[in-house]
Each structure stands twice: as C-alpha cells, then as structure tokens.
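Colleague: Quick one, structure for this:
(2 chains)
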Amino acid sequence: MNLNPVIIVARKELIDGFRDKRAIYSMIFGALFGPLLIGYMLTQEAKQQRAAQEITIPVVGKENSPMLVHWLAQQAGVEIKDGPADAEKAVRDQTEDIVLVIKKEFAEKFSASRPAPVQIVSDSNRTSAIPKERRLRSLLTCFSAEIGGLRLMARGVNPNISAALKIEDVEISSAQQRIAKLFNFIPLFVIMAAFTAGMTFATDTTAGERERLSLEPLLINPVPRWQLVAGKWLASVAAATLSMAATLAITAKVLSRLSLEDLGVRFHLGLPEGLLIFAAVAPVALLIPAVQIYLACFAKTFKEAQTYMSFLILGAIAPTLISTFHPLGNNPAFKLIPFLGQSLLAVDVMGENIPPVWLFVASAITAITVANVFLWLATRLFSSEKIIFGR
Amino acid sequence: MIKGQNLRKHFGTVNAVQDVSFTAADGTVTGLLGPNGAGKTTSLRMIYGLIKPDAGAIQIDNHNALTDTLAAQACLGVLPDQSGLYPRLTPREHIRYFGALQGVPSNELETRMEMWIDQLDLRSVADRRVGGFSHGERTKVAMARALVHNPQDIVLDEPTNGLDVSSTRSVREVIRRLKADNRCVLFSSHVMQEVSALCDRIVVIAHGRVVAEGTSDELLALTGKTNLEDAFVSLAGPHGEAA
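Modeller: Modelled structure (predicted):
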C-alpha cells in the first residue's frame, strides 16, 4: 500500500520532532505556563476577597477613643489588635498592610463636636492593602455618619437634611466579571500553546532542514513541492492541536481544584465547555503553523527562524491582548479576524453566551483561507532555487 | 541514460556553467572531472532537477527533465554534495522515508532496504540514530537512501570525498555493481586517481565548459602526456588545481 507523500512527510516529521528534547520541553512549558498562571491569579483573587471581608485592624491610640474601638470591634468580620509602636514604619516594612491611628486630641475634639482626627496609614502601591484600606475607610465613614446623625437629632434637626445626595452603588463590574476577565486569558494561553508547539515543528522542518543541508536530498525526490510543504504543515498542526488540547485539559484540572464558588463563579470548565472552547480556537492550530512555515522559509538557520517567530507572536497576540483590556463590543465582524476572532468566540463560550454555529464556521473558514494563502506562499518559496543555497 | 546539451547557468554576475554537454550511457561509469569551482555541482544540480538551466536541454532516459521533472527524478538516484541526514533518525528510517517518497511498495521496500544495509555494511548501526555517525557511515546511509528505489540512472557528487579507505572501497564496490547491472552512473570528482580507477569515460570540465571528453587513453593521446595528472593539468588550464 502506498501512502500519500503528504502523510509520509508528516509522519516522518512527527517522529523526528518528538525525538527532539528541545521541542518536547518547549511544548510542555507552553502547555503548563498558562493554566498555572491562571490558577495562581485566581487563588490570589480569592485571598484578596477573603481578606477584605475579614480584616484585622491594628489600632494605635486605642485609649484615645474606647468608643470607636468598641464600635469597630462590633462590626462583622472585624478584629482589633494593638497597633505597632511606629505605624508608618510597620507599613513601610510590610509587617502591616494598614494601621489605624487615633490621635491624642481625638477625645477632646470629639466631645466638642468638632471633627476628631484619625489616620489610615497604608501604602496604595500594595494591591493586597487596597481592599483592606477601602473596608476600613467605609467603616469609619459609617461611624462618622452615625455619630453625626445622632448629634443632629440631639439638636432637634432631622439628620437627613445634611445628606443632599443618596448615592447608590450599581457596580457593573461585579467580582464575577472581574474574575471573568481573568478567564479571558484562557483562550490566549491556549493559542500561545499552539504557537510554541507549532513553532518548533515549523522551524525545524524548514529552516532546520536547510541548516542541516538535508533539504537538497529531500527535494530530489519526485514529489511536488506543495506536498512537501503540506506534510510539514500537517505535522506542525498535529503538534499545535495536541498542545492546545493539553492546555485546555490542564486548565480544567487546575480550575477543578480551586473552589470557584467562593469567588462567585458559576462557570464550570467541564467536557462540553472544553469541547466548545476547543472548537472555537482549533482553527488557530491550522493557521499558526502555516504562517510559521512561511516565515521560516526565509531563514537559513533554526535560530534565525526563531527571531522571526518572536515578531509573529507579538503580531498574533496583540489584538487579543488589547481586547482583554478594552472590550470590543459585540460586533460579529471581529470574530472573523484570524487569531482575535477565535479567542473572542472562546470568551463568549465561557461567558455562557454561546455564539451561533454559523459564527464558528465562518471564523474557521476565514482562518483556513488565510492559512491556505500562507501555504501557497510557502510553496512558492520552496519552489524557488534560493531555498537550496543555504549558506 | 543521462544527456545534457549546451547547459548554461549563471548566478548574478557569475557564469557558473557556460557550455556543458555530455552523454552518460547505460552500463557505463562516466566521470565528471574538474577542479573546485569548475561547475560540476551546478551541472549535476541541473541534471537532477534542483535548479533550472538558463539554456540547454536535459534528457533522463526518455524524459525531458525540464518539462517532465518529476518523471525524470523518479529515474534518478542521487547522492548530493552533502549527505544531509536527519540526526534523530536511524539509517533504516532514512531509507524507509526516501523509499516511501519514491513510491516503493512497503513490502518490497523492506527487502531492498535489508539488501542495501548488507551491501554497504551498515547492519551493526542500522537502528542507531545517525547523529553520532562518522563521515563514512553517513555517506553510506545517504547512498542506501538514494538507491533503494532501484533507479536506472545514478548521480553521485564527489561520493568518496573525505572517506576512509574501507568506506571508499564499499562505495567503489557499489559503483562497479551498478555498472555490471547495466545502470548509468555519473559521478563527479576532483580526484584523478578516483576517476581513472572507476570511469569508462571522463568528461573534463573547467571554467564552466567541457574542455575534453573520452577514455583515459584518449585523453592522454589528446594532450600528448604520459600520465593522467599532467593531462588533466594541461586540460584544466593553469588555474585548475587538481588533487
């Protein structure tokens, strides 16, 4: 039985590629990096949310206002402890995130019904301190309003008169949405995994082949050049697809180990969701190797090819990265842009806002069309005489 | 049969091959002899379809190699200038890869592969990765890979260059066998002794042109010299440094 040369080339490149330790390590790194980073960031987010709800407030100058201290201690999730001798030093040295300082003149001003001074010592550069600082400030504002109201009432004035506005917080970006933003990185990492895996195969089978001078004997075989290119592409696609699937599986495993319910996340990355995300991003595994093979054809050595690849990854990831910070809205046209479209589709899947099937198909078709253009260009380079004159 | 007619090729401003014509017949070993840079490798690359001549015609058996390149390549077994192996594959995997690309049916491929492994004395290393192979072993693997599809026409670009004695002997042995089997063998060399020991006909190339052609006796008669080396030097001109 005779196999098609495309399959023969792809099979040889896969055997050859998977014996390359460099390729294996970079594939493993590519597949692990994203899921572990997401796991870490979600754990941190959970820690911060817990930290904001349950805070321990170090108080300096408790004796200046036992009443305030007592009131604070009665609030839910608040614990009071003795403050450090030097509040600013303790915050600067990061032994404390925040310190509440009740000034000496507090009692005197308080009983004279004048604004009594307290200090919140914190470092706004420290992200872990921000929710604590915010909580403490809102507690103090609340105390201030409560006492102020009592004072007005004691003078026979309706305390509501002093409140010209009633501000209601309608927070669009709920905690869940903040976490969803973290989830938006998942497709990005999946695409990057395909990129790393595709890269080693695409460069080793083209620029690497030139560097080893093995291209000349290969081209003497009676096989049309497009079939050689297609075989090398197919091997890279297989590696990229495998790496994408592995990244998704590892992400699912990492997420299942975190208690996402604590974070208010309803999204569950199970098999159906994983398959849908995979369906959304899979066209990228066809596209990336095509572009990589085309670029690597310009390089005479593996190293030179890797330099071109680093430009490519910036170009490919930039739109997706920008879209995670500046949401693009819901225009379906964006989903047709290669690289960006696939990750937008995946984000929609995770937002339990599953896009219609035609969008999946259309985004796959545009990606495959662009892939074909690059394969055609690569075949032209492969057919030129210049490809042989390696060094 | 390999026939090149008035081949010409330039790269930029360099005229690598200006006018090369020769015929390598079946059952004959034809040597392309010339100093380094004379245009041997460029001529051979045109023969095996890797680069297109600016002018001229090439015929491989009954195929026009310029219009029907793939069919012509299917008749050829080529050992290029560099063996160009894959360091992570074994000799068997190399032979299977090229045999499959040449369209050899897989059961036949296995028998032929074992035959070449024996002939080229590769059995002890047949399943080792070629990464650590000696130059001689690499050349032998490249030869087995080039011959596994039983080509009628064989092109060898400096096959014994840099080989030790025993590897040189097995390569020569293979060339003699191919000749006995009525194949057409065309090989290039800049080494006099090599050419005189193996070739039935010699084509001397210098500065991109064929300067003489014939058996070694004919070349001696032509130049009026008593040994081939002197004949070669007088044919290749003052700049042709023969080995």
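Colleague: shouldn't residue A:219 be in contact with residue A:228?
Modeller: Yes. The pair residue A:219 / residue A:228 is scored as a contact, 7.5 Å apart, by CB atoms under 8 Å. C-beta coordinates here come from the backbone N, C-alpha and C atoms, glycine included.
Colleague: any low-confidence regions in chain B?
Modeller: B:238-243 (pLDDT under 70).
Colleague: Residue ranges of each domain in it, please.
Modeller: Per the record, chain B has its domains at B:1-75+B:153-243, B:85-151, by automatic domain parsing.
Colleague: Out of the ones you listed, the one nearest residue A:243 is which?
Modeller: Smallest distance to residue A:243 across those (CB to CB): 19.6 Å, for domain B:85-151.
Colleague: and that closest one, anywhere near chain A?
Modeller: Yes. Contact of domain B:85-151 with chain A (CB under 8 Å from any CB of the partner chain) involves B:85-89, B:93, B:97-98, B:100-103, B:105-106, B:129, B:142, B:145-146.
Colleague: And the strands in the stretch 201-350 of chain A, which stretches?
Modeller: Counting by DSSP state E, counting those that start in this stretch, the stretch 201-350 of chain A has no strands to list.
Colleague: for chain B, what are the nearby residues on it?
Modeller: So the stretch 201-350 of chain A meets chain B at A:212-224 (CB under 8 Å from any CB).
Colleague: quick revisit: what would the domains of chain B look like in a markdown table with mean neighbour count?
Modeller: Compiled in a markdown table, the domains of chain B are given as follows (neighbours: other CB atoms under 10 Å in any protein chain shown):
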| stretch | mean neighbour count |
| --- | --- |
| domain B:1-75+B:153-243 | 19 |
| domain B:85-151 | 19 |
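Colleague: For residue A:91, which of the ones you listed is the nearest?
Modeller: Among the domains of chain B, domain B:85-151 comes nearest to residue A:91, with 57.5 Å by CB to CB.
Colleague: Count residues in the vicinity of the residue lying closest to residue A:133 once chain neighbours are set aside, would you?
Modeller: Distance criterion CB to CB, 6 or more residues apart in numbering or on different chains; nearest residue to residue A:133, sequence neighbours excluded, is residue A:122 at 4.4 Å. Applying other CB atoms under 10 Å in any protein chain shown, we find 21 residues neighbouring residue A:122.
Colleague: returning to that earlier point: just the buried ones from the residues of the stretch 201-350 of chain A next to chain B?
Modeller: Neighbour counting with 16 or more other CB atoms under 10 Å in any protein chain shown marks A:212-223 as buried within those.
Colleague: For the residue nearest to the spatial centre of chain B, pull up the helix or strand it's in.
Modeller: The centroid of chain B falls nearest to residue B:156 when counting by CA atoms, centre = their mean (1.5 Å). Counting by DSSP states H and E, the element that carries residue B:156 is strand B:153-157.
Colleague: Let's see that strand as CSV, backbone CA atoms only.
Modeller: Provided in CSV are the C-alpha atoms of strand B:153-157 (Å, rounded to 0.1, in the frame of the first residue of the first chain):
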residue,chain,number,x,y,z
ASP,B,153,20.4,6.5,-13.5
ILE,B,154,22.7,7.3,-10.6
VAL,B,155,24.3,10.6,-9.9
LEU,B,156,27.0,10.9,-7.3
ASP,B,157,28.5,14.2,-6.4
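Colleague: From the contact counts, what lies against the next helix or strand after it?
Modeller: Tracing the chain past strand B:153-157, the next element assigned as helix or strand by DSSP H and E is helix B:165-180. The contact analysis (3 or more CB pairs under 8 Å, 6 or more residues apart in numbering or on different chains; DSSP states H and E) places helix B:165-180 against strand B:28-33, helix B:106-119, helix B:135-147, strand B:184-189, helix B:192-198.
Colleague: Apply 7 Å and report the result again.
Modeller: With contacts taken as 3 or more CB pairs under 7 Å, 6 or more residues apart in numbering or on different chains; DSSP states H and E, helix B:165-180 sits against strand B:28-33, helix B:135-147, strand B:184-189.
Colleague: ok so, going back, what residues are up against the residue nearest to residue A:133?
Modeller: Contact partners of residue A:122, counting by CB atoms under 7 Å, 6 or more residues apart in numbering or on different chains, are A:91, A:97-98, A:129, A:133.
Colleague: Double-check that residue B:182 belongs to a strand.
Modeller: No. Applying DSSP: H, G, I helix; E, B strand; the rest coil, one finds residue B:182 to be coil, outside a strand.
Colleague: Test my guess that it contacts residue B:25.
Modeller: No. Using CB atoms under 7 Å, residue B:182 makes no contact with residue B:25, being 10.0 Å away.
Colleague: Look up which helix or strand residue B:59 falls in, please.
Modeller: Using DSSP H and E, residue B:59 sits in strand B:55-60.
Colleague: any idea how far that strand is from the chain center?
Modeller: In terms of CA atoms, centre = their mean, to the nearest Å, the centre of strand B:55-60 is set 17 Å apart from its chain centre.
Colleague: Let me know the angle separating whichever strand or helix holds residue B:9 from strand B:153-157.
Modeller: For residue B:9, the host element (DSSP H and E) is strand B:2-11. Going by axes from the mean of the first three to the mean of the last three CA atoms, to 10 degrees, strand B:2-11 is angled at 40 degrees with respect to strand B:153-157.
Colleague: Which elements pack onto the helix or strand just after strand B:2-11?
Modeller: Proceeding N to C from strand B:2-11, the next assigned helix or strand is strand B:14-24, under DSSP H and E. Here strand B:14-24 touches strand B:2-11, helix B:40-47, strand B:209-214, going by 3+ CB pairs under 7 Å, 6+ apart.
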